[in-house]
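K.L.:
Would you be able to build a 3D model of this:
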Amino acid sequence: MVDVLDREALSDLIGLIYDCSVDASRWSVTLSALSRALDFQNAGLSWVDFVAAHTLLDVSVGIEDSWRRTQHDYDAEALALWGSFEALQRYPLGEPQVMSSVAGRPAIERSAYYREWGRPQGLIDLVALPLVRTPSTIGNIAMGRGQAAGPVGGRELDALRLLSPHFQRALAIGKLFDLKALEIHAFGETLNGLATPVVLVDPDLVVLSANRAAETLLAASQGIRLVDGMLTSGTEATDSALRAAVRPGDAAKPSRHGLGIPVRNGAPAALIHVLPLTRGGLRDGLSPRATAAVFVARMSDGQLPAAEALAALFELTAAEARVFALLAAGRTQQQISAALGIAPGTVKTHLLRVFAKTGTNRQADLVRLANTLAMPL
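P.N.:
The predicted structure follows:
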């Protein structure tokens, strides 16, 4: 990975991202900071529920009002350059896509989208970062590259890969707050009234406080429980991912721990999202020992595809997670090769890495592991 940002700038950006999980009105400030840091002319965050025909989030910065008013007139042409809606659904989450690489410069320059909307603004390219994909919603960040900044390079793409898990986590937790503009400095009070169970923990998973919903859940030992004052799910794989998520880590190292950790232990299936409290403006009024807020969301509140949930547990790449999910569903290596459009040798390589990361040796072990986790495969 190239040197994308200095650690202080990266930490500041991550703090801004997590502040947005509590106060959705801060997305404009965060996207502006992201654009400046990576030399993009504009940026937008879109999250749409296409089943309910409802926009959850639609925030953009760096686009003049006159151009903003006509932007959606070219949505169909822009979508065609990406391939199709189905093609967008296949792009790996967290992996930035560059329009010039996907569509080619000739196709872009022929399109009315570019000739009438992009080029007059001095744009030369677009990067899309897929962040959310559920059975009913799709969300992504799109960033426009200006001519003065030159072509999009590895520095920008590596930075977006690094930041993508933080964006995903902020959106998942923001959904639990109903994407409202809440007071950052009243974070602790807000948690108490939240219907979603939330537990504040220290780096060793010692429970420092719990909101009313979490107290009820802990008393019933449904999914999560207290053992000697420490939070546990009763499943080693889930607990291991949870421990990794709550400990302050290196901001320069991308990690999917803490996003959609699956848990089912004699209770309805749920996902754990971990909100770090070591950056941003969320710490006021909280215990100085608190390093993370652990949210326990019903599967319907924050469902992730099985592959993404597996990645959260074992730090799998997107490709490794897809192979794991298909293997655990009973597919053969040959069937996986055909389903994913990759060579049998590539499937085997991914499988060996999955074995190493999950501590297993055979496909049967992976199936048992998936059944133990009660994954929605």
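K.L.:
Now do the same for the closest residue to E95 other than its chain neighbours: its pLDDT.
P.N.:
Distances taken as C-beta to C-beta, 6 or more residues apart in numbering place A318 nearest to E95, at 6.5 Å, with adjacent residues excluded. In short, each C-beta sits where N, CA and C put it, glycine included. With respect to pLDDT, A318 has a value of 73.
K.L.:
ok, so what distance separates A292 from L208?
P.N.:
The gap separating A292 from L208 is 10 Å, by C-beta to C-beta, to the nearest Å.
K.L.:
hmm, back to that, count residues in the vicinity of the residue nearest to E95, would you?
P.N.:
Close neighbours of A318, defined as other C-beta atoms under 10 Å, add up to 15.
K.L.:
Settle it for me: which of A292 and L208 has more neighbours?
P.N.:
Per other C-beta under 10 Å, whichever of A292 and L208 has more neighbours is A292, with 22 against 15.
K.L.:
Relative to H54, how far out is the residue nearest to that one when sequence neighbours are not counted?
P.N.:
Closest residue to A292 apart from its sequence neighbours, by C-beta to C-beta, 6+ apart: V246 at 4.1 Å. Relative to H54, V246 is positioned 33 Å away (criterion: C-beta to C-beta).
K.L.:
Among those two, which residue is more densely surrounded?
P.N.:
Using other C-beta under 10 Å, the more surrounded residue of V246 and H54 is V246, with 26 against 11.
K.L.:
Pretty sure V274 is one of the things that one touches, is it not?
P.N.:
Yes - applying C-beta atoms under 8 Å, one finds V246 in contact with V274, separated by 6.0 Å.
K.L.:
got the contact list for E109?
P.N.:
Residues near E109 by C-beta atoms under 8 Å, 6 or more residues apart in numbering: R115.
K.L.:
can you check the one 10 residues further on too?
P.N.:
The neighbours of R119, taking C-beta under 8 Å, 6+ apart as the test, come to nothing; the list is empty.
K.L.:
State the phi and psi torsions of it.
P.N.:
Main-chain dihedrals, R119, degrees, to the nearest 10: phi -60, psi -40.
K.L.:
can you start the count at 33 instead of 1 from here on
P.N.:
With 33 as the first residue, the last one maps to R151.
K.L.:
Okay, it and A277: tell me how far apart.
P.N.:
44 Å.
K.L.:
any residues in contact with both of A324 and L240?
P.N.:
Contact with both A324 and L240 is made by residues L232, V233, according to C-beta under 8 Å, 6+ apart.
K.L.:
pLDDT below threshold where in this structure?
P.N.:
Low-confidence segments of the chain, defined by pLDDT under 70: 33-36, 167, 211, 213-217, 281-291, 296-301, 311-318, 331-345, 402-409.
K.L.:
Centroid-nearest residue for it?
P.N.:
What sits nearest the mean C-alpha location of the chain, by C-alpha atoms, centre = their mean, is Q200, with 2.1 Å.
K.L.:
just checking, that residue touches P162?
P.N.:
No - at 9.6 Å, Q200 and P162 do not qualify as touching, with contact defined as C-beta under 8 Å.
K.L.:
Leaving out the residues flanking it, which one is nearest to S92?
P.N.:
Counting by C-beta to C-beta, 6+ apart, the residue nearest S92 is G76, at 3.7 Å.
K.L.:
What residues does the one you found make contact with?
P.N.:
By C-beta under 8 Å, 6+ apart, the contact list for G76 reads L63, D90, V91, S92, V93, I95, I173, A174, M175.
K.L.:
which residues touch the residue nearest to A324?
P.N.:
V233, D234, P235, L237, G290, V306, T323, A324, V326.
K.L.:
do that again at 7 Å, thanks
P.N.:
V233, P235, L237, V306, T323, A324 (C-beta atoms under 7 Å, 6 or more residues apart in numbering).
K.L.:
In the helix or strand encompassing Y50, which residues are buried?
P.N.:
Per DSSP states H and E: Y50 is located in helix 39-54. Applying a neighbour-count criterion of 16 or more other C-beta atoms under 10 Å, one finds 42-54 buried in helix 39-54.
K.L.:
Nothing else from me, thank you.
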